[in-house]
Each structure stands twice: as C-alpha cells, then as structure tokens.
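Peer 1: Mind looking at a prediction? Sequence and model below.
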Number of protein chains: 2
Amino acid sequence: MSTQVREIAEAAKAASRRLATSRSDAKGAALESIAARLEADAEAILAANAADVAGAEALVARGELAAALLARLRLDAKKLAGMIEGVRSVARLDDPGGRVLTRTLLDDGLVLEKVSCPLGVLAVVFEARPDAVTQISSLAIRSGNAVILKGGREAARSTAALVAAIRAGLALAALPEDAVQSIPDRESVDALLALDDLVDLVIPRGSNALVKSIRERTRIPVLGHAEGVCHVYVDAAADPAMALSIVLDSKLTYPAACNAVETVLVHRATVSGVMLPLLGTLLEKGVEVRGCAETCAAAHGLPVDLATEEDWRTEYGAPVVSVKVVESLDEAIAWVNRYGSSHTEVIVTGDRLAAERFLAEVDAAGVYHNASTRFADGLRYGLGAEVGIATGKLHARGPVGLEGLVTYRWLLRGHGHVSAAYGPEGRAFRHEKLPIR
Amino acid sequence: MSTQVREIAEAAKAASRRLATSRSDAKGAALESIAARLEADAEAILAANAADVAGAEALVARGELAAALLARLRLDAKKLAGMIEGVRSVARLDDPGGRVLTRTLLDDGLVLEKVSCPLGVLAVVFEARPDAVTQISSLAIRSGNAVILKGGREAARSTAALVAAIRAGLALAALPEDAVQSIPDRESVDALLALDDLVDLVIPRGSNALVKSIRERTRIPVLGHAEGVCHVYVDAAADPAMALSIVLDSKLTYPAACNAVETVLVHRATVSGVMLPLLGTLLEKGVEVRGCAETCAAAHGLPVDLATEEDWRTEYGAPVVSVKVVESLDEAIAWVNRYGSSHTEVIVTGDRLAAERFLAEVDAAGVYHNASTRFADGLRYGLGAEVGIATGKLHARGPVGLEGLVTYRWLLRGHGHVSAAYGPEGRAFRHEKLPIR
C-alpha cells in the first residue's frame, strides 16, 4: 500500500514540475479541454453517481449513514452543468504563479526578483461531495499544482468517473494527467501523510474531528481550520433591525457551515431594544437558544437554557446559538479574542469609531462591520472558488482560492557577482526598487 | 516552570495585541528610544559580556566548548555601536503591517479589504550571539510582534543586559515592555513549545540538530531550515574565470554559513577548461575536495577522495566541497532538485536560455544566475535584516525580514448586508477591484 502511494506521490511531483513550467494559457486551455470532456462524459458520470446514491440510500435506510449526506452526494444534469461552468470560470481567472512581486537592483548588473510560484503537490481529503472534485482540481491546475484527492467512500464511483474525465482532458491538452490523481481508502491517507518529502500541503475539508486527526498525524503543513466559533457583537449603537437581520442570516442560511454564527454578544444598553425580538425570532425559526444569566432573565419566560462554559467554546454546527450580555466594547473584544476561533467576527454598530476599534483589535482571519458572517466564502470574496478557509496565520488566511496555492521564490541575475566584493571596505549595495515589468 | 513560562507567554500575547494596534511612528520612536538606552547602558552591557566571555574561555580551556564560539560571543565598543546602528536602520524601515493588499467592492456599500497584520508572539531560540538579541528584537517591534528570546547559555549575562536595556527603551516610549522577554533555560523551551495557543511562530537559529529537534517537539509553525545543501552548476557555456570566482566566494567567505556551496556540478564539456584550476585553487586554499569518479580521474594526481552517496546529501559546514561531473543541463537540474535542500542554487553560464531554464525549473527558495550563493542574506537582499532563512513553501521563503513577520486578514465593511440577498434569484456580486488608498 505505502509503496503504491509513494509511486502516486512521485508521479504527482513529476507532474507538478511540468505544470509549474507550463504557460498560463496552456493551463487555461487544459481547463477548457477538461470542461468539454466532462460534458462529453456526462452520461457516464451521472450513472456512476446514481450507483453511489443507491448504495448510500441503502446505508441510510439501515441507519448507518446520515440522510443529509444524500443531498450533497446526488448529482443531476443541472448540478453537473454548474460544476462544469465552475471549471470554465476558474479557467478565466488569472494565473497567480509567475508574478513578479518585487524587483530590486542590488548593484550594477545584479537584479533580484521575488516571483510567485506553485506550492507543488497538494493532498486534499474531503467528504462525499462530487462538486469538490472539479472545484479543487481546477484550482490546482490553474495555480500550477498537482493534486492527490481522497474523497468520501460513499462517492467513490462518482469521484472515479470525474477524475477519469479530468485526466483525459489534461492528456488531450498535452499536460501531465498525473497532475490529478485519486487514492481509494483511508489506509492510503495514512501512507500519504507520511510523505513529507513529496507532498507540500494537506487540505482537509470535513469535520473538526477529521481536521484535528490529520493535524496530529502529519508533519506536512495543513491548511484549514478545526473550528468556526464565530461571533456577532450587537453594539450599544446598533440598529436593532439590522442586528436582527444579520444575526438571522449568520445562523439560519446554513447552520452547519463553519462561517455560521455560534455566539451573539449583546451590549447591555441594547438588551431592552434587541433581546426580546432576537430571542423570539430565533426560537420561532426553530433555533435553540442558550444564554448567560442576564439573557435568561431578559427572556421573560421564553425557553432559553442557561449556557455553560462549554457552550462559549462550542461550534454547534446546528440550529443552536448562545447569547451573552456584555458591558462594553472592550469586554466584547476581549471575549471574542478569548473564545473565538479566529475565523470570522462581526460588529453591528452605527458608531464608526467603535467599528474601527473592533476591526483593529479583533484577531481573526475575517473581521466585519455591519455584515453577515456568511460572507466568509471564496466565491463571495471574488476569489473564483475556494479550497478551504484557513484560520492559521502563516501564508494564507480566510477563504483560500488561487492566491493561497502559490508561494514565491527569489531569482537573482548577475554577471559573476561575488559576495566578498561588498562590505565596509568594498562596494555598497544599491537596493533600488525597480518597476515591475 | 511551565506555569512561569505560560505567564511569560500570556504577557507576550497581551503586549502583542497592544503593539498590533500601535501606530507605525510609535514603534519607530520606541526603536530610537531603545537605541539611546543601549548607548547609555553600553558600559554595563560590555561588563556583562566580559563576564560571559571569561566563563566561556574557561570552558574552552577545559575543552568543553569550541573556540569558534568566543568570536561570536565577544562584544566590544565598536561591535556594540554596529548593533545599535542596526536598531536605528530597522527603525527607518517601513512598517510591513497595516498595508492594504487588495480592496474589492463586493456590492454597493460592501467593501472588502485584505490588510497585512503582525503574526503575534514569536519565540526565537538562538546561539550565544549577543547581536542576534538586538537584531531579532528590533525586527519584531518594527513589525508589531512580541518576542520571547532564548539565547545560548554562554551568553546569558549579555542577553540579560541587552534585554533589560531594550525593555527600558520600550517603557520610555510607552510601549509594553513585555513585547521583549527572555527565558533562561532549556526546560523553559520545552514548556514554551507546548504553548500553541499563545505562540504563533517559532524561529530556531542554530545547528541542524537544534532545528530538527524543535520541529519534532512542537505543533507551532517553525520558520527556518534544517539544511543548506547549496549547489553551483558550471554549465557548458560558463566563463571559466567567472565560475572559479563564484565557486570560491560561495565556499570560502564563510564555510560554516548555510548559504555556502556544498556541491559543485561541472558540465562534462567544461571539465577540461575548469576542473584542474578549480580543484587546484580549492586545495591550495585549504579546502578538502571529494569527487565523483570522473572528477577523481580529471584530478591528475591532486588529492581528491572519492565521494560517497552520503557526501551528496551533506552540509559540511566546513572547508569541504564535493564535485560531480554531469552530462547536461537536464541532469544538473534533476540533481539539484533531488539532492538540494531548496535553499539557494546557482547556474554559471553565458547561455541565456540555459540560465532561464535553470531559474524556471529548479525548486528552491533562491535560484541565481552568475552570482554567488552567499547573496542569500537579508541585508544583501535589502530586507533590512533577517530573522532567519526559510526553505519551507508556506508564507515566507529565503531570507525572512520584516515582510515575513506579518500575515494578513480580511476586513469587510457593509451597511447591514446579509448573504441570503445573493444568489441565482437575488443580487449578483460586483467584485470590482478598487484602487488601494
């Protein structure tokens, strides 16, 4: 098993080197070729998916699988067409690699460039979502990276059919088909996570447990986040209707999403105007509410349970929200920095200074003023698509699209320059920034 | 011990939050204040250093310490003045935080900014080099980060005196003195490496063994490199005199440096013109040479040992070099990608196409044409100074100065915007790039 996975990773590394030096238009043309091939193979892809869905339905009927998975797994002609349009939209995005970021004249004839370049080989572990296959593959190819995919086993036939079409499209465009490969089982993932000499970045997309487990098992850098404990802080100067609208959107449009709100902080001054309509509407929409003592007191008999310390640290991933009364903007900022998971944090206020303090002092990948947490998304940010959302501080944060899949290197062009010529008794460096061509 | 280290790290985190929202000119003024305080405390610092040197000399005399350490440890008035001038030069550099990197209009009244920000708390483990204390502290303060220092124990008194002056300078400038702290012993390092909730980045500066050991012991991201196996490839179209000059500079100016060359690759076509003068000069300068069979054959009786497989992977850190004959540019690129440590790689050639292929296809943090490997240095790159050289691919590569100590976050300013308003049946995003103010 591990020998086979090493061969896959070595083929991916070789493919990544070819992709890294391919022209931008060649990669764009390959994505067009892939889109065409996906269209041509639509019938086979939908048949493979139907077989996956039948298998999953049997598991759901036996209670061995959550029914929610079926909706994400199931493809139809319209959804497949949307996925193919997604590939074409990534084809139209600019190549983030090969960009000259800085250009410095060190001395006569000695020019230093900082140039963006692909990361190399990505390993992506995700759930039974066929749309993730085309989205991740197209972002990888556009950015010049090879990718090794491990999808949920319930989607095995769909993944295989999609990967076959993508590889055929790559081959037609004369790019290495091993730029996109898939591995079949969990044991292969373990073998892959050991290959820190070949794999440059691991991207887990799935449950907190999956992300944490992968972080524990590898020394390869992991891009992503384990938790999305996001807050909406309703400030003293908040417009009550806007606050209600933003909280509802942040929780209800997709309660299981990582960018859904988990805790609402309410400034004491707005409790009288905001709390009752907020609690009433949340409960009416079927959201379970847990509150601090002051929230419970302000609930006037509405069914609000007392929140525990555990609640403030919990990503519910469900129609549940905790509500806490705070004394001040300072307390809100301190609370968010203590209990938040550095994902996305919101202040609702009409006070511009309060907003700017919150935006300056909250330490998170995204900090918003008067907008829903749910905007934390690659498509909404205009990144084309996303491979995931990162809450780490190194390299890429927030929704990670093409730009997060490249790094840079330094290119130096001289005419025989040697370091010994420089120093107190020698030449001085010029260090002039040149215009970027 | 671990309680005490946690308190230090918590104080550092609190200081980092204050630094992160301090104005750029306040941080610059603090560095001026630190420089003045270092000048005022010069006598005490030099006395502390003299005590360290006396202690180290006793260890060297007993054979318990390498004599080379003494030169790095010893301060005098001139060296201290240079360190203080270094602090002032960092004060003059632009603040890399708070820069708007992109600015996008998502919709009417909804503006998204990508803004650079400090990492937070840095932990730096380094050797008995007093100059590292002022260099690292000034880079950390200029970039808005707090730093916890652990210097070599032979320099304990020097480090304490320097840190005391730096903290006094911070306090005088009304910035939190806990932005710079030091911890005393190895046990504290272990406690610190466990604090992944408080420390954002670990920077080890020292031996390969130190770097590897730290990587093994922490889940905090580690910036740096374990090895510097750098190559100079002398192409078929190389100018022999230039090749000789670059190889000698790359090895001899500082054989123990990570950016010194370890292996010279010689194209078969240049063996007759380059090999004998190269080997002769290296040996004459006291460099031990190990070669492939073809190199040994071309040595015509010069004392060149046969290199082993191990040699090609070794960073000698000493006046030793290995020499290998290659058939072609392709073989050179494949060799460098296989045996190199992604640090700094050089081609010497008059053939522009060969140079551009090498620059495009070699996967390393720095790739040079006709220049010495020794240019891989923050001061030489014009980065002001460096905290280390990174060979990883995420976030920062090559010499890491101020820019490598910041990341970015996304700021979104709206007027009550909610995500549910967007979609096939709703509003479309505008995604217009705005000019950066």
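Peer 2: Good, I have the coordinates.

Peer 1: Quick check: residues of the stretch 151-300 of chain A near chain B?
Peer 2: A:200-201, A:215, A:219, A:221, A:239, A:242, A:245-246, A:248-249, A:253 (CB under 8 Å from any CB of the partner chain). To be clear about C-beta, it is placed using only N, CA and C from the backbone, and glycine gets the same treatment.

Peer 1: What is the most widely separated pair among these?
Peer 2: The most widely separated members of those, counting by CB to CB, are A:219 and A:239 (48.9 Å).

Peer 1: just checking, residue A:312 touches residue A:321?
Peer 2: No - Residue A:312 is beyond contact range of residue A:321, at 11.7 Å (criterion: CB atoms under 8 Å).

Peer 1: outside of stretch A:347-361, which residues touch it?
Peer 2: Here stretch A:347-361 makes contact (CB atoms under 8 Å, 6 or more residues apart in numbering or on different chains) with A:232-239, A:242-243, A:246, A:329, A:332-333, A:337, A:345, A:367-370, B:17, B:20-21, B:411, B:413, B:416.

Peer 1: again, only this time at 6 Å
Peer 2: A:233-235, A:237-239, A:242-243, A:246, A:329, A:333, A:367, A:369-370, B:21, B:411 (CB atoms under 6 Å, 6 or more residues apart in numbering or on different chains).

Peer 1: Including pLDDT and secondary structure, could the residues of the stretch 151-300 of chain A next to chain B go into CSV?
Peer 2: Below are these laid out as CSV (pLDDT from 0 to 100; DSSP: H, G, I helix; E, B strand; the rest coil):
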residue, pLDDT, secondary structure
A:200, 90, coil
A:201, 90, strand
A:215, 85, helix
A:219, 85, coil
A:221, 86, coil
A:239, 94, coil
A:242, 93, helix
A:245, 92, helix
A:246, 94, helix
A:248, 93, helix
A:249, 93, helix
A:253, 90, coil
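
Peer 1: For those residues, which PyMOL command selects only the ones that are buried?
Peer 2: With 16 or more other CB atoms under 10 Å in any protein chain shown as the criterion, this PyMOL line picks the buried residues out of those:
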select buried, chain A and resi 200+201+215+221+239+242+245+246+248+249+253
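
Peer 1: which residues of the stretch 301-437 of chain A fall in strands?
Peer 2: Secondary structure of the stretch 301-437 of chain A by DSSP state E, counting those that start in this stretch: the strands cover A:305-306, A:320-326, A:344-348, A:366-371, A:388-390, A:398-400, A:406-417, A:432-433.

Peer 1: what angle separates the third one from strand A:366-371?
Peer 2: Translated: strand A:344-348. Interaxial angle of strand A:344-348 relative to strand A:366-371 (axes from the mean of the first three to the mean of the last three CA atoms, to 10 degrees): 30 degrees.

Peer 1: May I see the buried residues of strand A:344-348?
Peer 2: For strand A:344-348, by 16+ other CB under 10 Å, it's A:344-348.

Peer 1: Mind checking which of the contacts of stretch A:347-361 are buried?
Peer 2: A:233-235, A:237-239, A:242-243, A:246, A:329, A:333, A:367, A:369-370, B:411.

Peer 1: of these, closest to residue B:168?
Peer 2: residue A:333 (29.4 Å).

Peer 1: any idea which of the contacts of stretch A:347-361 is closest to residue B:433?
Peer 2: Using CB to CB, the contacts of stretch A:347-361 come closest to residue B:433 at residue B:411, 15.5 Å.

Peer 1: Read off the pLDDT value for the closest residue to the closest one other than its chain neighbours.
Peer 2: Once flanking residues are discounted, residue B:411 sits nearest to residue B:113: 4.5 Å by CB to CB, 6 or more residues apart in numbering or on different chains. Model confidence at residue B:113, given as pLDDT, is 88.

Peer 1: tell me the SS of residue B:113?
Peer 2: strand (DSSP: H, G, I helix; E, B strand; the rest coil).

Peer 1: Is it bridged to anything, and to what?
Peer 2: residue B:103, residue B:411 (DSSP bridges).

Peer 1: pretty sure it is touching residue B:100, no?
Peer 2: Yes - proximity of residue B:113 to residue B:100 meets the contact threshold set by CB atoms under 6 Å, at 5.4 Å.

Peer 1: Going by residue numbers, what spans are helices in the stretch 251-400 of chain A?
Peer 2: A:276-284, A:293-298, A:309-312, A:329-339, A:352-361, A:378-381 (DSSP state H, counting those that start in this stretch).

Peer 1: Between those, which has the poorest mean confidence score?
Peer 2: Among those, helix A:378-381 scores lowest, with a mean of 82.

Peer 1: which secondary element of chain A has the worst mean pLDDT?
Peer 2: The weakest-scoring helix or strand in chain A, judged by mean pLDDT, DSSP states H and E, is strand A:398-400 (a mean of 74).

Peer 1: Same drill for residue A:312 and residue A:321, tell me which one is more crowded.
Peer 2: residue A:321 (27 against 19; other CB atoms under 10 Å in any protein chain shown).

Peer 1: so what's the more buried one up against?
Peer 2: Residue A:321 neighbours (CB under 6 Å, 6+ apart): A:251, A:287, A:289.

Peer 1: now the last one, nearest residue through space, not along the chain?
Peer 2: Just to be clear, that refers to residue A:289. Excluding the flanking residues, the one nearest residue A:289 by CB to CB, 6+ apart is residue A:304, at 4.8 Å.

Peer 1: pretty sure the one you found contacts residue A:291?
Peer 2: Yes - counting by CB under 6 Å, residue A:304 does reach residue A:291; the two are 4.6 Å apart.

Peer 1: in the stretch 1-150 of chain A, which segments are predicted with low confidence?
Peer 2: Counting by pLDDT under 70, the stretch 1-150 of chain A has low-confidence residues at A:1.

Peer 1: in it, which spans are strands?
Peer 2: For the stretch 1-150 of chain A, the strands defined by DSSP E, counting those that start in this stretch occupy A:100-107, A:110-118, A:121-125, A:146-150.

Peer 1: Could you tell me the angle between the longest one and strand B:366-371?
Peer 2: Put simply, strand A:110-118 runs at 150 degrees to strand B:366-371, going by the same axes, to 10 degrees.

Peer 1: Which neighbouring elements make contact with strand A:110-118?
Peer 2: Judged by 3 or more CB pairs under 6 Å, 6 or more residues apart in numbering or on different chains; DSSP states H and E, strand A:110-118 is in contact with strand A:100-107, strand A:406-417.

Peer 1: What lies in contact with the first one?
Peer 2: Residues from elsewhere that reach strand A:100-107 (CB under 6 Å, 6+ apart): A:111-115, A:408, A:429-430, A:432-434, A:436, B:382.

Peer 1: ok, now how distant is the residue nearest to residue A:60 when sequence neighbours are not counted from residue A:53?
Peer 2: Distance criterion CB to CB, 6+ apart; nearest residue to residue A:60, sequence neighbours excluded, is residue A:67 at 5.1 Å. Remark: distance between residue A:67 and residue A:53 (CB to CB, to the nearest Å) = 12 Å.

Peer 1: residues contacting residue A:429?
Peer 2: Residue A:429 neighbours (CB under 6 Å, 6+ apart): residue A:106.

Peer 1: distance of it from residue A:186?
Peer 2: Taken as CB to CB, the span from residue A:429 to residue A:186 is 53 Å.

Peer 1: what do you get for residue A:312?
Peer 2: Residue A:312 is 34 Å from residue A:186, by CB to CB.

Peer 1: Could you do residue A:431 as well?
Peer 2: 52 Å.

Peer 1: Show me which of the two is the more surrounded one.
Peer 2: residue A:431 (16 against 10).

Peer 1: got a pLDDT number for the residue nearest to the spatial centre of chain A?
Peer 2: With distances taken as CA atoms, centre = their mean, residue A:388 lies nearest the centre of chain A, 1.5 Å away. Reading off the confidence values, residue A:388 has pLDDT 81.

Peer 1: In three-state terms, how would the residue nearest to it when sequence neighbours are not counted be classified?
Peer 2: Leaving aside its sequence neighbours, residue A:388 sits nearest to residue A:224 (CB to CB, 6+ apart; 4.9 Å). Secondary structure assignment for residue A:224 (three-state DSSP): coil.
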